[in-house]
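Engineer: Sequence and computational prediction follow.
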Amino acid sequence: MSVTGPELRIRPAEPADAAAIGAIYDEGIEDGIATFATGPHPEGERREWLSARPANAPVYCAEISGRIAGWSALAPFSHRPWYAGVGEYTVYVARHARGAGVGSGLLEHLISTAPGHGYWKLVGMILPQNGAGLALAGRHGFTVVGTHRGHGRIDGAWRDVTLVERHLHLPD
């Protein structure tokens, strides 16, 4: 399934997208406000990551004029069966495309496709310094529900993470 706008196209990720996905992920890591992960994420590693994902953990790419401008993913929140309908979302936008609506397009796509993958609720974990990520979540009906203090380290410094959630079947 694809979502198409005037210039923005969202589609399932393919193995050929692995290098672009890794490069965009590494930009987020370099910025220091997007993830606890470390890089680099070369093409081969991202190809393996894509191929190992189960059906309920899709990855999507956003294109503007045929160029990858961002990617997003869903994944099960937990392996425990009672959380089977809760998915964690991820959205990354390439530096060259920030501010162009790519993040909104990707998150809207995740929200609309999540029920088809068995999810009734989406959660996100966003570093408090990531104002754009928090604003994106807020614009799309996510509510801040708490903060994990000292949840992980970036460059040796303990960092918090803000938890957001959106129930897909309850009214906002």
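Structural biologist: Ah, there it is.
Engineer: distance of the closest residue in space to G32 that isn't next to it in sequence from T38?
Structural biologist: Among residues not flanking G32 along the chain, I154 sits closest, at 5.9 Å (Cβ to Cβ, 6 or more residues apart in numbering). C-beta: built from backbone N, CA, C; applies to glycine. The gap separating I154 from T38 is 9 Å, by Cβ to Cβ, to the nearest Å.
Engineer: Near the residue nearest to G32, how many residues? Count them for me, please.
Structural biologist: 17 (other Cβ atoms under 10 Å).
Engineer: Hmm, F36 and it touching each other?
Structural biologist: Yes - with contact defined as Cβ atoms under 8 Å, I154 reaches F36; the gap is 6.3 Å.
Engineer: Run through the residues that contact S78.
Structural biologist: Residues near S78 by Cβ atoms under 8 Å, 6 or more residues apart in numbering: V86.
Engineer: beta partners for the residue nearest the centre of the chain?
Structural biologist: Closest to where the C-alpha atoms of the chain average out (Cα atoms, centre = their mean) is T90, at 1.4 Å. Beta bridges link T90 to A73, judged by DSSP bridges.
Engineer: buried residues in stretch 76-85?
Structural biologist: 76-77, 85 (16 or more other Cβ atoms under 10 Å).
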